[in-house]
Structures are given as C-alpha cells and as structure tokens.
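> Attaching a predicted model along with its sequence, questions to come.
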Amino acid sequence: MAITVHLDELLKARGITGKELCGKVGITEANLSILRSGKASGVRFRTINKICYHLDCQVGDILRFDGELEENDET
C-alpha cells in the first residue's frame, strides 16, 4: 500500500482509546477500524481535521507515503 496509516501509534502515544477518539470525532468505531487497518479507500478532510485536532498532530503523523506507486486495476 502506497499510503500507510499510523493512527494506532498516535493513540497509544496520546493515551487515548479508539472509542474515545470516535466520540470526539463523531465517527463510528467500525469506520475508525477500517481507517486504522489501512483498508479505507478514502477519508474526508473534515474527519482528518478532527482527528488531528484531538490528537494534537499533523496529517503526516497519521498518513505516510511509502514512495511506491500503487497501481489500481479498477477504472
């Protein structure tokens, strides 16, 4: 995956649970789980904004580019 999600590390470092973050951000635990697993195909900027606000972090702390081009067979 060209974009990797590092949300678990931030939650652990901030001492906050996924359930607590869901309550603050206003998303379901199921959607947070999909994001945390890296299986999300998209995420709203508004959601990223709220996550960054509540975790006091930058977008690059959550999402990282691994330098590879991910080819998608779907058109």
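Cool, the structure landed. Everything numeric in this text was worked out from a predicted model, so none of it was measured.
> Every contact and neighbour count from this point should use C-alpha atoms.
Noted.
> okay, now Val25: neighbour count?
Per other C-alpha atoms under 10 Å, the neighbour tally for Val25 reads 19.
> That should have said Leu55, apologies.
Residues lying near Leu55 (other C-alpha under 10 Å) number 19.
> quick one, what contacts it?
10-11, 14 (C-alpha atoms under 8 Å, 6 or more residues apart in numbering).
> tell me the pLDDT at it?
On the pLDDT scale, Leu55 is placed at 97.
> Next one: it from Leu69, what distance?
According to C-alpha to C-alpha, to the nearest Å, Leu55 and Leu69 sit 29 Å apart.
> Check the secondary structure at Thr4 for me.
Following DSSP: H, G, I helix; E, B strand; the rest coil, we place Thr4 in the strand state.
> mind listing what the nearest residue to Leu7 once chain neighbours are set aside touches?
Among residues not flanking Leu7 along the chain, Ile62 sits closest, at 5.3 Å (C-alpha to C-alpha, 6 or more residues apart in numbering). Residues counted as contacts of Ile62 (C-alpha under 8 Å, 6+ apart) are 5-7, 10.
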